[in-house]
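Trainee: model this:
(chains A and B)
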Amino acid sequence: MEMKKIQYIYTILFGVAVVLFFGLAYPHHLHYQEQFQLFLFDSNYVWDVVKQPGGIADLLGRFCTQFFLFAWVGAFIIALLLSAIQLLTARLVNGGWFFVLSFVPSFLLWFFLLDENALLGGVWAVLLTLLAVWLFVKLPKGWLSYSVMVVVIPILYWMVGPAWTGTHYHRYPTVVPTLLYAAWLLALVLPLLANVFKKWNSAHQPSAIICHLATIVVLVVMGTLIWKNSNFKAEKVMQYDFMACHQQWNRIIETINTEKPNNQIGVTVQNLALAMHGQLTAQLFEYHQNGIHGLLPDVQTDATTPLPTAEAFYQLGMVSVAQRTVFEAQEAIMDFQKSGRCYKRLAQTNLILGSYEVARKYLMALQKTLFYRDWANETLPLLGDEEAIAKHPEYGRLRRSAYKNNFFFSDHVTPEMLEDLYFSYTDNYLALEYLKAYCMLTGDRDRYNNLLRRTSVKQ
Amino acid sequence: MIMKKSIYFYIILAVAVLLLASCASHPDVPSSAKEAKSLPAIYPDYCNVTIPCNIAPLNFMLPAGEYEACVARFTTPDGKQQTYGNGVKVQIPEEEWHEMLQASKGKSLKVEVWGQKNGEWLSFNAFDILVAEEPIDEYLSYRLIEPSYVAWTYMEIAQRHLTTFEETQIFNNEITMNDKEKGQCINCHSYQNYKTDNMLFHVRLSNSGTVIVNDGKVSRVNLKRDYTISGGVYPAWHPTEKLVAFSTNLTRQAFHTLNPNKIEVYDLASDMILYDVKTDSVSIVSNDSTLLEVYPTWSPDGKYLYYCKSVPLPEEMKDKDIRTTYPKIQYNLYRRSFDVATHNFGDEELVYDAASSDKSVTLPRISPDGRYLLFALGQYGCFHSRHHDADIVCIPMEQYTGTPLTAETASFVDMRLVNSDGYSDSYPSWSSNGHWIMVASRRGDGNYSRVYFAYFKNGKVGKAFLLPQEDPEHNTFLLKSYNRPEFMVEPVKISVEEFSQVFDK
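Mentor: Sure thing, here's the model as predicted:
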């Protein structure tokens, strides 16, 4: 077979590996990425992004990230981008020994994307830069190519931003995305080196077998490095968060029965799923526990850990507490982005609490998204429709379960808060489960016995 | 050749379309329409409002889900007419709008509105927009912030040119958020006498302090002293001297499970200080450890300092947690005379006794001519921007003769056209000519503060109207509150970059 075709097969194999990795081994990292941004089909939003240096790369990254809601689609997009970068690099280095090295920038970018806070805009920046270089190379040399360069450089600056200073390539503004920069640099240096060693490279063309072996070595070595450096522990935590977010209670039970979680988010989600099945107190000590911190952890000031806790608050009927927790989590997103997941929940909590105009604001924003639009359209007619809300399986239940008495809350849930919740609506079995579990985890026998007495009197 | 010609044709066509798109739409008035016999439900509600002669275009719209199109015809007193309408929105070019305002100064613009609903045109009752001869201050500044609980993210202090739609940043926390380990909260922008060469704002957390502009020179100072409970918080520039009165506060927040006020902001302690900008010295004005002093404001002549002070709690509540006593914490309005030469304060005078009618007074502001007093009044506490029952109250100062005014003894200016029903109306202020009242109100949705203006003349108040925006839907989609709106007669001339330099020192 012709060498060029074989090279395409390597590119396809690389792409398939990327798809399989993100689709099978790392899907929840993609869900995590998606939930910390909100791509709006809105001219103001687009302008706010593109007016910054690097804005086009950032916008393209954000646009693609919205598809990460569906992990396989996200995996396919990443594979396309990384394969395109490899192909362009291969084109620019013009084969030979350098073909083998053309995979390295893409591998470095894959490495970069192992970090759940690495943003896809960085990958787009590398791709756009390579496209510009390729365009320049393709143009006939002379005044035309230099004129194009004069025009393209400022446009490229606008599209991908200043290469070495804080553009939006990582969620944490203070983090220097070294791997991204290394990939970027290498993608540009390799063609230069290939040009310098052009004569040598064409004089010392490797044999087909050597070329295959070298490519396979690079693929295997870098693939192993990727695998070894993948954070599967974080992936597991993200999986629990994802399952809680999508209320996959059966799947959570199946997962915890396969491998008992021993991290805070996993334990919080495990306990919520058990409670949703009415099994929390019965099976509490069959699983790892972390005291009351695994039941309803104190609200922390970060974007990640409060969300599963907020799900528990929400399901319990502590709607105002859930609202505050979700709001704070969204405010803690480091790069000032908003979250589709948070907007949706804020719309729901405001709807349940009767703040219809506030809910409308969130819903109208979600109407400008690709994947939350339908849900927003379905929810908007509920605003103000008391009868429909009362009949709604989720909102009706949560409205009935919600607090009837006003009091102050802060970052810490107390047993009194659960007592008030349960005794103001004794059909709220979830609150009872949590209250009993609270007593069991704190060893508060008096409160537990008192609770049993009060519930038996009620019955 | 034919191909080339068609390309030219399409280019010309595209340019023509672009040019047409950039022009205002002047649609025809519907040839026939059914009478609706009501005022149009336009947003914002600009029906029969009195506006300044230099305000930006009052763009408005009919509800998008209900109507397919809207046409509005404006008629100036000289009989000239112009129509506007693009979809359900009415957006008027600035130049044409200001021409109409000039032609209508001291008189009124007649507005007729037609709305297309289910293919049928409806004609609404015409309304007037009265154009006052008195202009509004050209600039307004505010902090744009999510109405948050504890955590916060990007925030900015912005300034808006009120004659146009131009909004620029005075400062934002992005630079400090990105460059420093911890982010910063920025707040409490304040100006001396509506001018910006002497102004300030605070930054909290990392590199915290008060950014002070003194005759155009920027510096960062720390107002916390060993003998104060905090750095300066709520500021008030003396109208003529380089002095700033501040409250010092130990502020906390708690969150309601059910109360629509959602968040309770309260002070564990608060005092008042006077900061001398020239000497960087801080002196205590008032520090009663059992009571809470807050929200200083100067009389326009600088001879009095007004402020709010809590009344003692009933004996049985004194040792209880403030989170249980908060509905009983109420503030009255006091003042003390001030000697500019010696910087000495006179004795405390009770000006308005709100607690006697089970109310709490906050955020006092005296009109530039010294004749009227504005404040926000609610049931309890000091943070009325979170209190649904809070309303703006206006009292003629001539009524105060040394005897404390009360709800029974004072006669109030009728503010029904300014206040909303069931939503927080707070943070009142006066324009520099005293003819425009500005308030921050959550009346739109109960959660997001917006800026409203109302005309004021000889103790009479016009209907409040929303700060106009280029896109009338702007306020619907904006998930930020307008916090602490302040009038200015000139823009802040110092750039964001220049302000940020004081954090590098």
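
Trainee: From here on, just use CA atoms for contacts and neighbour counts.
Mentor: Will do.

Trainee: Can you tell me what sits against the worst-scoring helix or strand of chain A on mean pLDDT?
Mentor: Ranked by mean pLDDT, DSSP states H and E, the weakest helix or strand in chain A is helix A:198-203, scoring a mean of 76. Residues from elsewhere that reach helix A:198-203, judged by CA atoms under 8 Å, 6 or more residues apart in numbering or on different chains: A:96-97, A:194.

Trainee: For chain A, just list every one of the strands.
Mentor: A:408-409 (DSSP state E).

Trainee: mind giving me the domain ranges of it?
Mentor: With domains defined by automatic domain parsing, chain A comprises A:3-195+A:206-230, A:319-402.

Trainee: ok, the longest one near chain B or not?
Mentor: Yes: taking CA under 8 Å from any CA of the partner chain as the criterion, domain A:3-195+A:206-230 and chain B are in contact, through A:173-174.

Trainee: so for that domain, what's the average pLDDT?
Mentor: Averaged over domain A:3-195+A:206-230, pLDDT sits at 90.

Trainee: Pull the number of nearby residues for B:Y149.
Mentor: Residues near B:Y149, counting by other CA atoms under 10 Å in any protein chain shown, number 18.

Trainee: who's in contact with it?
Mentor: Applying CA under 8 Å, 6+ apart, we find B:Y149 in contact with A:324, A:327-328, B:253, B:255, B:263.

Trainee: Against B:F171, how distant is it?
Mentor: To B:F171, B:Y149 is 22 Å away according to CA to CA, to the nearest Å.

Trainee: Could you do B:L417 as well?
Mentor: Applying CA to CA, the value for B:L417 to B:F171 is 34 Å.

Trainee: the more surrounded of these two?
Mentor: More crowded of B:L417 and B:F171, by other CA under 10 Å: B:F171, with 22 against 13.

Trainee: the helices in the stretch 51-200 of chain A, which residues?
Mentor: Taking DSSP state H, counting those that start in this stretch, the helices of the stretch 51-200 of chain A run over residues A:55-65, A:71-93, A:97-101, A:103-112, A:120-138, A:143-160, A:178-196, A:198-203.

Trainee: Mind checking the ones you listed for the one nearest to B:N59?
Mentor: Closest approach to B:N59 among those (CA to CA): helix A:55-65, 30.5 Å.

Trainee: Please list the outside residues in contact with the closest one.
Mentor: Contacts with helix A:55-65, where a contact means CA under 8 Å, 6+ apart, come from A:30, A:33-34, A:37, A:39, A:46, A:49-50, A:74, A:77, A:119-125, A:128, A:158-161, A:168-169.

Trainee: 6 Å instead, please
Mentor: If you take CA atoms under 6 Å, 6 or more residues apart in numbering or on different chains as the criterion, helix A:55-65 is touched by A:34, A:49-50, A:120-121, A:124-125, A:159-160.

Trainee: can you name the two of these that are farthest apart?
Mentor: Across the contacts of helix A:55-65, the longest distance by CA to CA is 22.2 Å; it joins A:E34 and A:M159.

Trainee: picking that back up, tabulate the contacts of helix A:198-203 in TSV, adding columns for neighbour count and distance to B:H98.
Mentor: Listed next are these as TSV, based on neighbours: other CA atoms under 10 Å in any protein chain shown; distance: CA to CA, whole Å:
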residue	neighbour count	distance to B:H98
A:G96	21	70
A:W97	20	70
A:A194	21	64
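
Trainee: Save those as a markdown table, and put in distance to A:T174 too.
Mentor: Below are the contacts of helix A:198-203 laid out as a markdown table (distance: CA to CA, whole Å):
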| residue | distance to A:T174 |
| --- | --- |
| A:G96 | 39 |
| A:W97 | 37 |
| A:A194 | 34 |
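
Trainee: Closest one to chain B out of the residues you listed, please.
Mentor: Nearest to chain B among the contacts of helix A:198-203, counting by CA to the nearest CA, is A:A194 at 38.3 Å.

Trainee: Distance of the closest one relative to A:F98?
Mentor: Distance from A:A194 to A:F98, by CA to CA: 7 Å.

Trainee: Flag every buried residue along stretch A:430-438.
Mentor: Within stretch A:430-438, the residues scored as buried using 16 or more other CA atoms under 10 Å in any protein chain shown are A:430-438.
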